[in-house]
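Peer 1: Got a predicted model here, sequence first, then my questions.
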Amino acid sequence: MGDAGGDCPWRHIQAPVAGRSLRIALYHHLPSGGALSHFSDVARALAAAGHRLSLFAPESAELCFAGFSDILEERVIFPRQPWRPGGPGLAPLNPLRYRLYLEALRHQERVQAQAIAAGGFDGLYLGQCRTWTEPPLLAHLPPDLPAVLFCAEPKRAFHDAWGRAAMERWPWWKKLWREPTVRWMRAVQQRNILCARKVLCNSRYSKARIEEAYPGCKPEVNYIGVDTEFFCPADVPREDLLVSVGAFEPSKNHRHALEVAALRPAGRRFKVVLIGDRESGGGVEELRQRARALDVALDLRVRVPRAELRDVLRRARAMVYCPFQEPFGIAAIESQACGTPVLGRAEGGLLETIEDGRTGRLLLDDPCPYAEQLVVWNADPGSYQQFSRQAREHILAHFDRRALTAHTVASITAALATR
């Protein structure tokens with residue numbers, strides 16, 4: 001799409017062509033999780049609207065959990081990058097190796113952009129890149145191929161306090177090259193995102209963060225919904241379970257659920273069920289060790305089917321959901337859809353998805369108020385039932401997948417059905 005600086009000619013678009021079936025290329029380099037689930041929902045809705053779809057993805061993207069292969073005309077999987085930076089004996093050289101690795105990925109995405117451009121598509125809908133966040137292929141598309149990017153958040157390591165704090169814990173030799181590398185990557189990301197005709201995001205919180213990180217970018221908020229027919233309450237008894245859902249990595253803060261459970265007297269503690277789709281940096285073993293130290297019963301599950309997740313949500317007393325600066329948090333929506341109140345961290349996108357005092361509670365770092373709310377619900381079943389009912393009603397009214405996905409599809413096709 002050429003240089004993103006100044007007034008881009010492809011931003012001057014005509015009125016959409018109503019009812020026209022489009023040939024749309026899909027691209028993602030996402031891991032498993034809420035972003036991929038939403039990408040799959042949008043793909044299915046685009047197909048249901050009569051558009052013809054082809055998927056392009058690198059081999060390192062999550063493909064097994066994508067769940068929409070049956071609606072594709074074509075599926076092109078690009079080979080995995082053949083080498084990775086690192087090596088225990090080469091630690092001081094890893095910064096240079098990592099820079100070369102990133103340049104190789106940029107070249108690889110240039111080739112991928114050429115393959116997509118050769119397909120004669122009306123447009124491209126793409127999710128974020130697990131390495132770059134804003135895919136470099138955007139900058140290599142021809143001007144007459146419009147692209148819509150769904151961006152949940154800027155790269156955390158560069159743009160939020162939690163990510164910067166994590167980088168501060170790097171060894172000295174990493175800190176020497178951190179700033180120049182970060183400046184270079186941020187410049188590349190800025191260029192990439194401004195090459196999209198339209199940028200969608202999943203919350204007002206995300207919109208503000210993207211606008212702050214990338215001056216000139218004006219994302220449009222498109223909330224994510226859930227299948228309220230699938231995620232729904234069931235006539236099963238609630239158990240003394242607390243559930244926390246998300247990748248097993250520090251930013252998801254699963255430890256907080258263990259800390260909350262440990263505040264109840266021994267013998268009366270809630271069991272904690274942790275459900276995650278992937279692990280990073282030995283997170284699973286650290287959580288097991290922490291549970292043993294706190295004497296909390298732990299049931300840890302990895303990559304479970306949706307039906308198993310729903311079963312746990314239906315039986316759990318509450319979800320303890322405390323990720324750091326979460327841009328949206330689809331798990332909190334799924335929990336409320338099942339009538340399970342959420343005890344959440346009062347920041348990020350959760351301020352937009354949980355109604356404090358009605359569908360759950362929005363609290364801070366101290367685990368004591370979380371445990372106190374559980375005591376209140378145990379002592380007053382009527383209050384708990386009211387929270388449960390209001391949680392379900394809240395999701396039906398504001399986060400039903402069909403209505404929200406239809407809005408996203410309309411926004412995508414309006415941007416792509418123009419030249």
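Peer 2: Looks like it arrived, so ask away. Residues are numbered from 1 along each chain as shown.

Peer 1: pretty sure residue 125 belongs to a strand, no?
Peer 2: Yes. Counting by DSSP: H, G, I helix; E, B strand; the rest coil, residue 125 is found in a strand.

Peer 1: Assess the claim that it and residue 24 are in contact.
Peer 2: Yes. Judged on C-beta atoms under 8 Å, residue 125 makes contact with residue 24 at a distance of 5.8 Å. The way it works is simple: take the backbone N, C-alpha and C, and place the C-beta from them, glycine included.

Peer 1: May I see the buried residues of stretch 194-203?
Peer 2: 194, 195, 196, 197, 198, 199, 200, 201, 202, 203 (16 or more other C-beta atoms under 10 Å).

Peer 1: The residues you listed: which two are farthest apart?
Peer 2: The span of these, defined through C-beta to C-beta, is set by 195 and 203 at 23.1 Å.

Peer 1: Quick check, residue 350 in contact with residue 344.
Peer 2: Yes. Counting by C-beta under 8 Å, residue 350 does reach residue 344; the two are 4.5 Å apart.

Peer 1: Next, show the common contact partners of those two.
Peer 2: 321, 329, 332, 362 (C-beta atoms under 8 Å, 6 or more residues apart in numbering).

Peer 1: for residue 124, what are its contacts?
Peer 2: Contacts of residue 124 (C-beta under 8 Å, 6+ apart): 24, 25, 26, 27, 116, 141, 145, 146, 147, 148, 416.

Peer 1: Near the first one, how many other residues are there?
Peer 2: By the measure other C-beta atoms under 10 Å, the count of residues near residue 24 is 23.

Peer 1: So it lies in a strand, does it not?
Peer 2: Yes. Applying three-state DSSP, one finds residue 24 inside a strand.

Peer 1: got the phi/psi numbers for the residue nearest to residue 233 when sequence neighbours are not counted?
Peer 2: Leaving aside its sequence neighbours, residue 233 sits nearest to residue 339 (C-beta to C-beta, 6 or more residues apart in numbering; 3.8 Å). The phi/psi pair for residue 339 (degrees, to the nearest 10) reads phi 80, psi 20.

Peer 1: Ok, residue 29 next?
Peer 2: Dihedral pair for residue 29: phi -130, psi 60, per degrees, to the nearest 10.

Peer 1: my guess is it meets residue 131, correct?
Peer 2: Yes. Taking contacts as C-beta under 8 Å, residue 29 lies within contact range of residue 131: 7.1 Å.

Peer 1: Mind checking which of these two has more residues around it?
Peer 2: residue 29 (25 against 18).

Peer 1: next one: phi and psi at residue 201?
Peer 2: Main-chain dihedrals, residue 201, degrees, to the nearest 10: phi -140, psi 170.

Peer 1: distance of the residue nearest to it when sequence neighbours are not counted from residue 209?
Peer 2: Closest residue to residue 201 apart from its sequence neighbours, by C-beta to C-beta, 6+ apart: residue 219 at 4.3 Å. The gap separating residue 219 from residue 209 is 10 Å, by C-beta to C-beta, to the nearest Å.

Peer 1: Map the structural domains onto the sequence of this protein.
Peer 2: 9-225+402-416, 241-399 (automatic domain parsing).

Peer 1: Let me have the ones you listed in CSV, extended by distance to residue 233 and mean pLDDT.
Peer 2: Below are the domains of the chain laid out as CSV (distance: least, C-beta to C-beta, whole Å; pLDDT from 0 to 100):
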stretch, distance to residue 233, mean pLDDT
domain 9-225+402-416, 17, 83
domain 241-399, 4, 95
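
Peer 1: Relative to residue 235, which of these is closest?
Peer 2: Comparing the domains of the chain by C-beta to C-beta, domain 241-399 comes nearest, at 9.3 Å.

Peer 1: A strand includes residue 358, no?
Peer 2: No. Counting by three-state DSSP, residue 358 is not part of a strand but coil.

Peer 1: Count the neighbours of it for me.
Peer 2: For residue 358, the neighbour count with other C-beta under 10 Å is 15.

Peer 1: And for residue 321?
Peer 2: Using other C-beta under 10 Å, residue 321 has 27 other residues around it.

Peer 1: I'd say it and residue 340 touch.
Peer 2: No. The criterion here is C-beta under 8 Å, and residue 321 misses it with residue 340 at 10.4 Å.

Peer 1: Would you report the backbone torsion angles of the closest residue to residue 117 other than its chain neighbours?
Peer 2: Closest residue to residue 117 apart from its sequence neighbours, by C-beta to C-beta, 6+ apart: residue 142 at 5.2 Å. Dihedral pair for residue 142: phi -70, psi 160, per degrees, to the nearest 10.

Peer 1: Correct me if wrong: residue 142 contacts residue 119.
Peer 2: No. Using C-beta under 8 Å, residue 142 makes no contact with residue 119, being 11.5 Å away.

Peer 1: Can you tell me, leaving aside adjacent residues, what's nearest to residue 396?
Peer 2: residue 228 (5.7 Å).
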